[in-house]
Structures are given as structure tokens and as C-alpha cells.
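Asker: output the structure for:
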Amino acid sequence: MDITWRPVSIGVQPGKQIPRECIRLLLNLVESLNTELRKAQAEIRSLREQLKNRRGGSGKPDPSPQGSSGARSSEKERAEPREPGKNTKRSKLDRIPIDREEVLKVNPAELPSDAEFQGYEEVVVQELRIRTDNVKFRKEKYYAASTNKTYLAPLPAGYSGEFGPNVKSLCLLFSHLCNRTEPKIADLLANLGILISAGHISDLLTGAHQQFGEEKQAIVEAGLGSSAWHHMDDTGTPVDGENQHCQVICNPLYTAYFTTARKDRMTILDVLRNGRERSFRLKAEALELLRGWEVSERVLSQLGQLPFDQDWSEAELYRKLAEQIPNLGQAARRHVSESAALAAYHAEPGHVRLLVCDDAKQFKLVPAELALCWIHEGRHYQSLEPCVPQHGQGLTEFRKCYWDYYKALRAYQQAPTPEGAAQLRNQFDELFSTVTGYAALDQRIARTKDHKANLLLVLDHPEIPLHNNPAELEARRRVRQRVVSYGPRSAAGAQAWDAMETLLGTAKKLGVNFFHYIRDRVTGAKTMPALADLIAPRAETHNLSPSWRGV
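Answerer: Presented below is the predicted three-dimensional model:
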């Protein structure tokens, strides 16, 4: 895990120190002006695009200016060499269920007289049978004068309304797995012989939260209890034209989605508590947080007269505050409620102890430990676009050292030792104390060094990932759905999106066929075990939280 790096010189050979410093300042000034120019050009392109759209123009974006390198991927830089001769592709034939066998015979007239039978050559062909199964049910109907009642034969299990369980399941599959809009789903089904309107499909999709909402709640409870660490990220979701946020929380066994109006710290607590009623508790931890937020000593003194270590609802907390501190300002009231909510959450058994996420402020203080994503941190270096060749060379060399260190952390996870952890901490200090003379790069290096504790949590907990890619990849599912459908048009629609995407993401991780599972639930058969019931047994075999066992 030895890594070597060196400070990068800018290649200037002046005779004195003062001219050298002047040249360094001038080169950084050129970089600063070039950065400002690129920002101004991007803003001009954006304004031109808006003007085109207002005038009814084509709406096609202008090509990016020359010299812009665009986005760069770090995948090749951080990729580890593949072991020679190791093939990671799985055999497809082993996973194809055979529904029927058919023997194909050679025409005897084509065979010569000395032909001998040598067995069979097998060819597996995948095929579907797509046809309608429209049924006219003739339900027996009886009337009994003695009871003055009519007796009607019930429909088979899973049948209700105009469409059977397969059509309903396919609508859910096309919408959430295939990201198709209601009109496109209606077109597809019409070509298959099913006459259904886009409005009816919309009603089916929106009503899904009533059927699958409870399953989603159970998945989240089981998922949160399966590990002491989780990934978390968010992305935008317009609901009826109003910008809201989709919170994504996951680990290797489940994925859960929550559409929320805000994305502040209280919202994060709501998600981690699976939407239960908010709870508040005053204790020493809450007062310490308030001191850090510079709440006045007068307010702290008055809060100290309220009962400690007692859980209150939101209404009870605000009533106590109104009685004890009637002139409490709005900002101070928000700080008090937030600190009390954090204290109550940390007192709950089984609360999330570690989050792997980005550096957004709403995640801070919620878990006991916050692990930052190395790939997210590396993107800051990718966004630098130096125009001075020496600066470009320095950035390239430093990025190589950055990803070499990342690979060293990966190697440590395979065989963690106290000595290895101490060595990596020393190497972190050495790497992120590098001074290159490229001001923007040096500032970025210093910011990374400030995050040392959060970036090196993997040395204490080798089981946690070095990056937040799982949450970001799960957030893409919502992004793709949002691009296709723009967003749900009601709160019920948003809940349906959350429920179905939670089931889809969790089923994929558990290796459960999503269509079979949805159809099993739509028919009411429930022969397949609930996804929530599969999480706890898998958590034991995955050993997700060895560092916290028994805590």
C-alpha cells in the first residue's frame, strides 16, 4: 500500500524568489479569469436558450465552446486491474427455465443408407406467448324470498372491475420498471388487444399506494433494522408542478423512497424514523447543541427548568415552550425543536449510527458518525479545468495520487489491521498537505484535508463502502421516472411512486422477480414471502454491521 507523490513545480526558472512568486500569482490570475470567463459563457448560453424558447425557437442548445473538456469519469482511474483468466460473466443458459422440449427430426428421405443416429444437439430458444384471455363470467344469481336476499357467485380471486390481475400487474410493471407513460401503456395494450384508457391506467397506478403502502412501511422497518449504517441521497421530484424532494435510503438489502416537501434536518429524521410521529426530548445533549448554535444563556436557563429525559409530541413541546418562554423568537424556537428531536432520536434503540452520504448540512448531527463519499470528493478535482499547461500537469499527477490512495483504502478493507490504519492516516496527512502552486487545486486539497475524519471512517469500520454510489444509482430510478412523466400530479400519486419504487428496488436486491411478486399481491394469493420478511435472514448472512454488534 506504499504510495509516492511529490509536489508539482510550475516549471519556471527565475533567478530570484520575488520574480518567481510574481509569475505564480500571474498564472493563478490567468486561471481565475479563465474560470470566470467559462462561467459567463455558460450563463450567456443559458440566457440565449431562454430567449429562443420565448420566441418559439428550435430549443436546441448551442454547442459548448471550444476548449471545454466537459465531464470526465473517474472510473478508469480508480479501476483495479482484473485478474488474468478470471471471467466474471455468468452462463445465461443456467438461468433460463425450460417450459417445454420438442424433438426435431431429420427427414428420412434426406438420409443416406449408412447414416447412424448420434444423439441430439440442443438449442435453447427464448420465446413468449402474447395473447388475450378475455373472459365473460356468468355468475349464478339466486333469490330467496325467505331472507329477501339475492345470492351472487363471487368473481375468482384477484378479479375486480373490468381488468384482470395480469393487466393490472403489467400496468405497474410498464410504469415503474419500464418507465412508460399512461398513454404509451394504453397504446401498447391496445396493440395486444386490451382496450383500456390512459385515465383508467392512471387510477390503477395512483391507487397502488393503498395496496402496497403497508408493504413499503414494513420494508423500511426491516431495512433500518438490518444494519447500523445506510446510504442516503436525494433528488428533485415535482408534485403537481410544485418542486419537492425524493429522499433515498438504502443498504445492500433494501431501497426506500420518500417524497418530501423539504430536505432539512427534521425531514431526514422523519425518514430515518419511517414517518412515525415526531418525538422530542430535552436532555444535556440538546442543551449542548443549542450552545453550539449560539442560543442565549437566558433561553438555556429557562429550558433547564423544564422536565428532562421525557418524550413529548410536537404539540406538547410547543405548549411547554409557550408557557415557559413566551417571548421565544422563531429562530430560537426552531433550534430548540431541532435539538430536542435529535436528542430524542439518539435515545431510541436501533437508531442509525452511521450514514454514508455527501457533505450536505441536513445530514450532519443526525447519525453519530458521517462517512463521506470518496468518489463525490474526487469529482471536485475533475471539475477543475486549468488552462496553464503546468497546472494541468500538476492536476493530472495529483489525481493519480488521489486514486492510488483510494485503491490503498480498498486493499485495507480486505485485510484491516491497526498498523495499516495508522499508515494510511499518515499517508493521508502527507498527500493532502501537498502544495502545487495552482491556487484552485491547493484550495481543493485543503478542503479535502478538513474532511479527514469523515473520509477515513472506513479505517474504523472496514465494512462500510468508500462511496455513495448505491444511493446515487437508486436515485437515478426516480430521475428516469421524473424525466418520462415529469412528476406525480397528486400526493397520492407521489405515495404510489414511493411504494412501487421501494418494492422494485428491494426486490432487485433480494433477487425476487418483480412481476411475479406484484402479480402475487394483485391476485391476493400471497404465496410468495413478503420482501420485509426476507431482509432479516439475509442481514445475518451478509454480516453488515460487525463493528456495532452488541452495541
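Asker: what residues sit buried inside stretch 269-287?
Answerer: With burial defined by 16 or more other CB atoms under 10 Å, the residues of stretch 269-287 counted as buried are 269-274, 278-283, 285-287. For glycine as for every other residue, the C-beta is placed from the backbone atoms N, C-alpha and C.
Asker: out of these, which comes closest to residue 497?
Answerer: Among the buried residues of stretch 269-287, residue 271 lies closest to residue 497 (CB to CB), at 15.2 Å.
Asker: out of the buried residues of stretch 269-287, which two sit at the greatest distance?
Answerer: Using CB to CB, those span at most 27.7 Å, a distance reached by 274 and 287.
Asker: now for this protein, the helix or strand with the poorest mean pLDDT.
Answerer: When the helices and strands of the chain are compared on mean pLDDT, DSSP states H and E, helix 75-78 comes out lowest with a mean of 75.
Asker: which residues in the chain form strands?
Answerer: For the chain, the strands defined by DSSP state E occupy 141-144, 149-152, 229-239, 242-251, 254-260, 280-281, 311-312, 354-357, 369-372.
Asker: and the pLDDT for the nearest residue to residue 77 once chain neighbours are set aside?
Answerer: Nearest residue to residue 77 in three dimensions, chain neighbours excluded: residue 403, at 4.4 Å (CB to CB, 6 or more residues apart in numbering). pLDDT recorded at residue 403 is 96.
Asker: pretty sure residue 224 sits against residue 350.
Answerer: Yes - counting by CB atoms under 8 Å, residue 350 is a contact partner of residue 224 at 7.3 Å.
Asker: of the two, who's got more company?
Answerer: Neighbour totals were compared for residue 224 and residue 350, and residue 224 leads with 22 against 9 (other CB atoms under 10 Å).
Asker: which residues does that one contact?
Answerer: Applying CB atoms under 8 Å, 6 or more residues apart in numbering to residue 224 gives the contacts 230, 249, 272, 274, 350, 352.
Asker: likewise for residue 429?
Answerer: Residue 429 is in contact with 449, 452, counting by CB under 8 Å, 6+ apart.
Asker: against residue 445, how distant is it?
Answerer: Residue 429 is 12 Å from residue 445, where distance means CB to CB, to the nearest Å.
Asker: any low-confidence regions in the stretch 451-551 of the chain?
Answerer: 543-551 (pLDDT under 70).
Asker: show me the helices in it, by range?
Answerer: 452-455, 469-485, 491-510, 514-522, 531-542 (DSSP state H, counting those that start in this stretch).
Asker: deepest-packed of those helices, please.
Answerer: Among those, helix 491-510 has the highest mean neighbour count (mean count of other CB atoms under 10 Å), at a mean of 22.
Asker: chain center to that helix, what's the gap?
Answerer: 12 Å (CA atoms, centre = their mean, to the nearest Å).
Asker: got it, and stretch 172-181?
Answerer: Stretch 172-181 has its C-alpha centroid displaced from the chain centroid by 19 Å (CA atoms, centre = their mean).
Asker: what sits closest to residue 262 if chain neighbours are left out?
Answerer: residue 245 (6.9 Å).
Asker: OK, contacts around the one you found?
Answerer: Residue 245 makes contact with 234, 235, 236, 237, 259, 260, 261, 262, 263, 267, according to CB under 8 Å, 6+ apart.
Asker: read off the pLDDT value for it.
Answerer: With respect to pLDDT, residue 245 has a value of 97.
Asker: list the buried residues of stretch 26-34.
Answerer: So stretch 26-34, judged by 16+ other CB under 10 Å, has buried residues 27, 28, 31.
Asker: distance to residue 300 and pLDDT for those residues - can I get that in JSON lines?
Answerer: As requested, those are arranged in JSON lines below (distance: CB to CB, whole Å; pLDDT from 0 to 100):
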{"residue": "27", "distance to residue 300": "51", "pLDDT": "81"}
{"residue": "28", "distance to residue 300": "46", "pLDDT": "82"}
{"residue": "31", "distance to residue 300": "47", "pLDDT": "79"}
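Asker: export these as JSON lines, with columns for distance to residue 181.
Answerer: JSON lines is the format used below for the buried residues of stretch 26-34 (distance: CB to CB, whole Å):
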{"residue": "27", "distance to residue 181": "52"}
{"residue": "28", "distance to residue 181": "51"}
{"residue": "31", "distance to residue 181": "46"}
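Asker: of the residues you listed, which is the nearest to residue 131?
Answerer: Residue 131 lies nearest to residue 31 out of the buried residues of stretch 26-34, by CB to CB, at 65.9 Å.
Asker: isn't that closest one up against residue 436?
Answerer: No - under the criterion of CB under 8 Å, residue 31 makes no contact with residue 436, lying 11.8 Å away.
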